[in-house]
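>>> Structural data only, the sequence is not supplied:
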């Protein structure tokens, strides 16, 4: 993980956009617009190299370090379990969450300005925005090989409003809704299904591209009683009706 100061938010986002537009397949880079108790508002970059160590990996990680002026870095060979455990402190037991999501083809100046303004307007330290790149080998899979709805390069924006049990939930929900609405004109249809709630019908309708009808038929065959509901599927259309692309 690499921590950058908030005063560099505009330049870090711009360099993140440049880096992820041309990143090697082995590099996956998560960027979190977050709040760190010791620093306040910050940007947290989490680079993951999937592949053999060597010059290409070293060059990619050096590019991540050049996103800004690192205030802290713990980049080192790490087991997946240990990497995930580093996030535990930011999601203590007992927190409540409202999550919204938008997907953009690229980080335009207008989108980056919106992200910075939205993060600065957060209702509390548990609210933040995560950026997840989709690139490389995943974009080269055949459109009909899986049920994943969008195989072109894009960036998933996760709008997370996390709060303690005694905090005002309405303020957090309003913030998440406002950020999502502000990004909507810049976003692609749909969204990443794992970040969509059951009431976000319009995005759900487009989340699977042309695969929704196939998934609905599978759902009817294997789960006609709708026991499994964690991942939303279109609910206002018969299984034979194609989804909008």
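It's in. This structure is a prediction, so every number in the text was calculated from the model and none was measured.
>>> Show me how the record splits the protein into domains.
Here the domain parsing of the chain from automatic domain parsing is 2-188, 199-245.
>>> which stretch in those has the least confidence?
Mean pLDDT is lowest for domain 199-245 among the domains of the chain, at a mean of 78.
>>> tell me how far that one is from the chain's mean position?
In terms of CA atoms, centre = their mean, to the nearest Å, the centre of domain 199-245 is set 22 Å apart from its chain centre.
>>> Next, the buried residues of the biggest helix by length in the chain.
Counting by DSSP state H, the longest helix found in the chain is helix 169-183. Neighbour-count burial for helix 169-183 flags 172, 173, 175, 176, 179, 180, 182, 183 (criterion: 16 or more other CB atoms under 10 Å). Every C-beta, even on glycine, is put in place using the N, C-alpha and C of the backbone.
>>> Next, the contact list for the first one, please.
So the one you mean is residue 172. Each residue near residue 172 by CB atoms under 8 Å, 6 or more residues apart in numbering is listed here: 98, 123, 124, 126, 127, 161, 162, 163.
>>> go again using 10 Å as the cut-off
96, 97, 98, 122, 123, 124, 126, 127, 160, 161, 162, 163 (CB atoms under 10 Å, 6 or more residues apart in numbering).
>>> Give the buried subset of the residues you listed as a ChimeraX selection command.
Buried residues among the contacts of residue 172 (16+ other CB under 10 Å), as a ChimeraX selection:
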select :98,122,123,126,127,160,161,162,163
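>>> Which ones among the contacts of residue 172 map onto strands?
Judged by DSSP state E, these include 96, 97, 98, 127, 160, 161, 162, 163 as members of strands.
>>> what ranges do the strands span in this protein?
Counting by DSSP E, the strands of the chain are 2-5, 27-36, 40-49, 72-73, 96-104, 127-134, 154-163.
>>> between these, which gets nearest to residue 145?
Nearest to residue 145 among the strands of the chain is strand 127-134 (15.3 Å), distances taken as CB to CB.
>>> mind listing what's buried in the closest one?
So for strand 127-134, counting by 16+ other CB under 10 Å, buried means 127, 128, 129, 130, 131, 132, 133, 134.
>>> Look up how far residue 8 lies from the residue nearest to residue 184 when sequence neighbours are not counted.
Once flanking residues are discounted, residue 184 sits nearest to residue 102: 6.7 Å by CB to CB, 6 or more residues apart in numbering. Distance of residue 102 to residue 8, computed by CB to CB, to the nearest Å: 24 Å.
>>> And these two? Which one has more around it.
residue 102 (26 against 16; other CB atoms under 10 Å).
>>> my read: that one touches residue 176, true?
No - using CB atoms under 10 Å, residue 102 is not in contact with residue 176; the gap is 11.1 Å.
>>> shared neighbours of those two, anything?
Residues within reach of residue 102 and of residue 176 at once, by CB under 10 Å, 6+ apart, are 129, 159.
>>> I figured residue 111 was touching residue 186, is that so?
Yes - the pair residue 111 / residue 186 is scored as a contact, 5.1 Å apart, by CB under 10 Å.
>>> More neighbours: which of these two?
Legend: neighbour count by other CB under 10 Å for residue 111 and residue 186, higher for residue 111 (23 against 16).
>>> so what's the more buried one up against?
Residue 111 makes contacts with 13, 17, 102, 104-105, 131, 155, 157, 182-183, 185-187, as judged by CB under 10 Å, 6+ apart.
>>> again, only using 6 Å
104, 186 (CB atoms under 6 Å, 6 or more residues apart in numbering).
>>> For residue 150, see how far away it is.
With CB to CB as the criterion, residue 111 and residue 150 are 17 Å apart.
>>> For this protein, just list every one of the helices.
Under DSSP H, the chain gives helices at 9-21, 55-65, 80-85, 109-120, 169-183, 201-206, 212-222.
>>> just how off-centre is the third one within its chain?
For helix 80-85, the gap between its own C-alpha mean and the chain's C-alpha mean amounts to 18 Å (CA atoms, centre = their mean).
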